[in-house]
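Trainee: here is my input, please return the structure:
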Amino acid sequence: MRTPVSDPLRVGPYRIVGRLGSGGMGWVYLGRSPAGREVAVKVVRPELAAEREFRARFAREVAAARAVSGAYTAPVVDADPDAELPWLATLYVPGPPLSEAVSGDGPLAEAQVRSLGAGLVEALQAIHSAGVVHRDLKPANVLLAADGPRVIDFGISRVDGVPGLTRHGVVMGTPPFMSPEQMRGQPVGPPSDVFSLGGVLTYALTGRPPFGGGDQVSYRIVHGTPDLTGVPDTLRGTVSHCLARRPEERPELAVLLRALLGEEPPTAVWPPETVARSITRRAGDLADRRRRAPGTSLSVPSCLRLHAQALLDAGLTDAMVSEAVARGGR
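Mentor: You can find the predicted model right below:
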């Protein structure tokens, strides 16, 4: 049994407006800077903060997230991995994760997926240029903002020049979006993220991952053939190329970007109508919070918790974290 922990009034310089979500790794809060900027603040649980190895892993997450800057990532604005309870603040993105958008409203149209994919390719270009391999690209870690996707959560990323804590043979990631080399516990590089991107694009187009789920998904990823039923013929070759079993056979990101955009890049297809409604709803929720006086209830509308869920998912795949996500209700 864990001892209940009260929500803080402040984390670092950020006034806490409400709790967005909680999970095995810790809590995510909606915070506000002195100037009024909304941020998502992830705070580690006390029992994990007491573990030296976990602190080192959290510091690696901060290092990875800070190293990356790009139009299609959620930037880190502040962090203190050495605090009594380590924390990380990222710019709040008022948009749903791809997982929620597809499960709630169905697959996206081809033109929208091309725009989505191009944004994700540019995000990976920024991530890889910083010497980082994400290693957990999946629908829950892709937020859909008004001006394009955002890749979040660097909890199990590998950073060039930073000693790793993952040993050879240890599997880390999220089936069914892991690459074959991840499934085998082998070292991974940028092509692993390209494979995961192929899975994300398949999910966006069909509503399901290319290798399915269940107990046999690991075997199918390593030895099987992806099911691309429902992927348009005009994109099937591109997606299949990403899902090549051998890393060296997967496309370079620049080649992939050209394949997604074609000769005439898609226009006026983003955001999808259902995503636009979700963004408007979230913006309204934030506006309501701004109008309320300080010290009011810390409950946050459930639709805001979806961002936090995406932030927490990667932490929950960590071998050190075994507790399932606890979705808080109103």
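Trainee: local confidence estimate at residue 91?
Mentor: Note for residue 91: predicted pLDDT of 91.
Trainee: same question for the one 4 residues further on.
Mentor: Confidence per residue is given as pLDDT, and for residue 95 that number is 89.
Trainee: can you give me the strands for the protein?
Mentor: Using DSSP state E, the strands of the chain run over 10-11, 14-22, 26-32, 38-44, 76-80, 87-91, 132-133, 142-145, 148-151, 158-159.
Trainee: among the ones you listed, which is nearest residue 212?
Mentor: The closest of the strands of the chain to residue 212 is strand 142-145. By Cβ to Cβ, the value is 19.8 Å. Using the backbone N, CA and C atoms, a C-beta is placed for each residue, glycine as well.
Trainee: follow-up on the earlier one: distance to residue 193 added to the strands of the chain, as CSV?
Mentor: Below are these laid out as CSV (distance: least, Cβ to Cβ, whole Å):
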stretch, distance to residue 193
strand 10-11, 30
strand 14-22, 25
strand 26-32, 24
strand 38-44, 22
strand 76-80, 19
strand 87-91, 19
strand 132-133, 6
strand 142-145, 12
strand 148-151, 9
strand 158-159, 10
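Trainee: quick one, which of those is nearest to residue 262?
Mentor: Across the strands of the chain, residue 262 has its closest neighbour in strand 148-151 (17.4 Å, Cβ to Cβ).
Trainee: and that closest one, what does it pack onto?
Mentor: Applying 3 or more Cβ pairs under 8 Å, 6 or more residues apart in numbering; DSSP states H and E, one finds that strand 148-151 contacts helix 110-129, strand 142-145.
Trainee: so which of the strands of the chain comes closest to residue 108?
Mentor: When the strands of the chain are compared for distance to residue 108 using Cβ to Cβ, the nearest one is strand 142-145, at 9.3 Å.
Trainee: which residues touch the closest one?
Mentor: Strand 142-145 is touched from outside by 74, 93-99, 101, 116, 120, 149-152, 200, 271-272, 275, 278-279, 307, 310, with contacts defined as Cβ atoms under 8 Å, 6 or more residues apart in numbering.
Trainee: tabulate the helices and strands packed on strand 148-151 in a markdown table, adding columns for mean neighbour count and distance to residue 224.
Mentor: Shown next, in a markdown table, are those (neighbours: other Cβ atoms under 10 Å; distance: least, Cβ to Cβ, whole Å):
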| stretch | mean neighbour count | distance to residue 224 |
| --- | --- | --- |
| helix 110-129 | 22 | 23 |
| strand 142-145 | 25 | 24 |
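Trainee: out of those, which comes closest to residue 260?
Mentor: Ranking the helices and strands packed on strand 148-151 by proximity to residue 260 (Cβ to Cβ) places helix 110-129 first, at 4.5 Å.
Trainee: might you report the residue contacts of residue 200?
Mentor: Counting by Cβ under 8 Å, 6+ apart, residue 200 touches 98, 120, 137-139, 142, 177.
Trainee: could you report the pLDDT at the closest residue to residue 275 other than its chain neighbours?
Mentor: Distances taken as Cβ to Cβ, 6 or more residues apart in numbering place residue 144 nearest to residue 275, at 4.9 Å, with adjacent residues excluded. Per-residue pLDDT puts residue 144 at 96.
Trainee: can you list the weak-confidence ranges in the chain?
Mentor: The model of the chain has pLDDT under 70 over residues 1-5, 155-173, 264-268, 289-290, 292-330.
Trainee: of all residues in it, which one is nearest the centre?
Mentor: When the chain is reduced to its mean C-alpha position, the nearest residue by Cα atoms, centre = their mean turns out to be residue 141, at 1.8 Å.
Trainee: and residue 276, how many neighbours?
Mentor: Burial measure for residue 276: 14 neighbouring residues, criterion other Cβ atoms under 10 Å.
Trainee: surely it is in contact with residue 146?
Mentor: Yes. Contact criterion Cβ atoms under 8 Å: residue 276 and residue 146 qualify, at 7.2 Å.
Trainee: care to break this structure down by domain?
Mentor: The domain map for the chain lists 10-94+279-316, 98-261, with the assignment taken from automatic domain parsing.
Trainee: helices of this structure, start to end?
Mentor: Ranges of helices in the chain, per DSSP state H, are 46-49, 52-67, 98-105, 110-129, 180-183, 190-206, 217-223, 233-242, 253-261, 273-291, 305-316.
Trainee: could you report the distance from residue 206 to residue 232?
Mentor: 10 Å (Cβ to Cβ, to the nearest Å).
Trainee: do residue 80 as well
Mentor: 46 Å.
Trainee: over to residue 38?
Mentor: Residue 38 is 37 Å from residue 232, by Cβ to Cβ.
Trainee: the two: who's more crowded?
Mentor: Each of residue 38 and residue 232 has its neighbours counted (other Cβ under 10 Å); residue 38 has more, 17 against 14.
Trainee: grab the nearest non-local neighbour of the more buried one.
Mentor: residue 92 (4.2 Å).
Trainee: check residue 247 too.
Mentor: That would be residue 191: by Cβ to Cβ, 6+ apart, it lies 3.7 Å from residue 247.
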